[in-house]
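Participant: sharing a model prediction with you, sequence too.
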Amino acid sequence: MYGYRYVPFITLSELKPRVWITLSGCNFRCRGCFSFARNAIGAPMSVEAVIRLVKKTSNEYYGDAQLEEAVITGGEPTLDKNYLVNLVLKLKEIAGYVVLDTNGYLLDGIYLYELIKAGLNEVMFDLKVWDKKLHEWYTGYPNKQILENIRNAYGKVKLVVNTVYIPGIVDEKEIEYISRFLSEIEKRGKEKIDYRINGFRAELSREKISRNPYPKEMERAFSIVSKYMKNPAIGKSCMREREIEVKRSWITVFSDGTLKRRTLDDYRAENKKMKVKT
């Protein structure tokens with residue numbers, strides 16, 4: 001047994017056999033956070049209980065098809081190393097590809113090695129801010145260790161970096177610094193880093209720190225990144241679910257096994273309703 005984490009729900013894709021596992025609770029206190037999963041909410045679940053829920057509901061929904069992908073997200077999944085390593089190990093037995101979505105603060109070389117050994121295939125780092133003082137103001141934590149952990153992860157695992165464009169805070173200047181940093185890392189090898197720019201959602205933010213970016217601002221940021229990197233993207237929603245002219249919805253599975261179909265608008269409305277300002 002490896003203790004437990006609070007799990008508000010898991011999510012199944014309607015497009016392909018894919019599951020997201022949300023582990024609530026986070027070390028960061030981002031001023032622009034839009035996720036209620038920052039707080040430890042949901043049911044306390046052991047790794048074994050999570051795997052049972054994933055197996056049961058994926059078998060019911062996808063039939064005999066093997067899970068193609070499992071994404072561990074939050075909150076912040078890395079808060080309990082033993083729990084996360086064991087979760088990856090167990091997920092790898094039932095899913096072809098395992099992804100970790102993290103702020104990266106705790107993911108040092110030893111931790112990453114243990115996760116890769118357990119079967120981790122990809123890490124998505126949410127790099128909030130480049131400027132160290134601004135990063136501390138925004139998250140409550142310095143970013144020096146995060147930058148080092150991104151450097152260390154390169155070449156060891158598929159690497160994706162996400163940044164939220166926040167007008168007047170994390171804008172073109174910050175994104176250019178980050179893209180330069182990532183491009184320098186890419187020069188060490190042949191692997192390309194996927195860099196994704198996501199738009200700030202002011203209506204969901206915990207603090208009223210900015211507005212939504214204009215399309216032209218996102219386009220300029222994309223153009224800047226394109227000068228340095230080969231794989232930039234503007235993320236309008238979950239990149240893994242982007243299919244042209246497909247209306248997306250997902251199946252939310254709560255800890256008691258009940259299912260609910262939710263669209264992206266449902267997620268946004270419920271996130272706004274459920275979040276607790278702390």
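Facilitator: Yep, that arrived.
Participant: which parts of stretch 27-36 are buried?
Facilitator: Along stretch 27-36, these residues count as buried under the neighbour rule (16 or more other CB atoms under 10 Å): Phe28, Cys30, Arg31, Gly32, Cys33, Phe34, Ser35, Phe36. (Glycine included, C-beta is placed from N, CA and C.)
Participant: nope, stretch 129-140 is what I meant
Facilitator: By 16+ other CB under 10 Å, the buried positions in stretch 129-140 come out as Val129, Trp130, His135, Tyr138, Thr139.
Participant: between the residues you listed, which sits nearest Lys92?
Facilitator: Nearest to Lys92 out of these is Thr139 (CB to CB; 30.3 Å).
Participant: what residues are up against the closest one?
Facilitator: Phe28, Arg29, Cys30, Asn103, Lys128, Val129 (CB atoms under 8 Å, 6 or more residues apart in numbering).
Participant: so where do the helices sit in the stretch 151-278 of the chain?
Facilitator: Remark: helices assigned in the stretch 151-278 of the chain by DSSP state H, counting those that start in this stretch are 172-186, 215-226, 264-274.
Participant: identify all contacting residues around the longest one.
Facilitator: Here helix 172-186 makes contact (CB under 8 Å, 6+ apart) with 127, 129-131, 134, 147, 150-151, 154, 161, 163, 165, 192-193, 195, 197, 217, 220-221, 224-225, 227-229, 232.
Participant: mind putting the buried residues of stretch 27-36 in a markdown table, pLDDT included?
Facilitator: Converted to a markdown table, the buried residues of stretch 27-36 look like this (pLDDT from 0 to 100):
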| residue | pLDDT |
| --- | --- |
| Phe28 | 96 |
| Cys30 | 95 |
| Arg31 | 95 |
| Gly32 | 93 |
| Cys33 | 92 |
| Phe34 | 85 |
| Ser35 | 83 |
| Phe36 | 82 |
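Participant: how about the strands in the stretch 151-278 of the chain?
Facilitator: Remark: strands assigned in the stretch 151-278 of the chain by DSSP state E, counting those that start in this stretch are 158-165, 194-199, 232-235, 249-254, 259-263.
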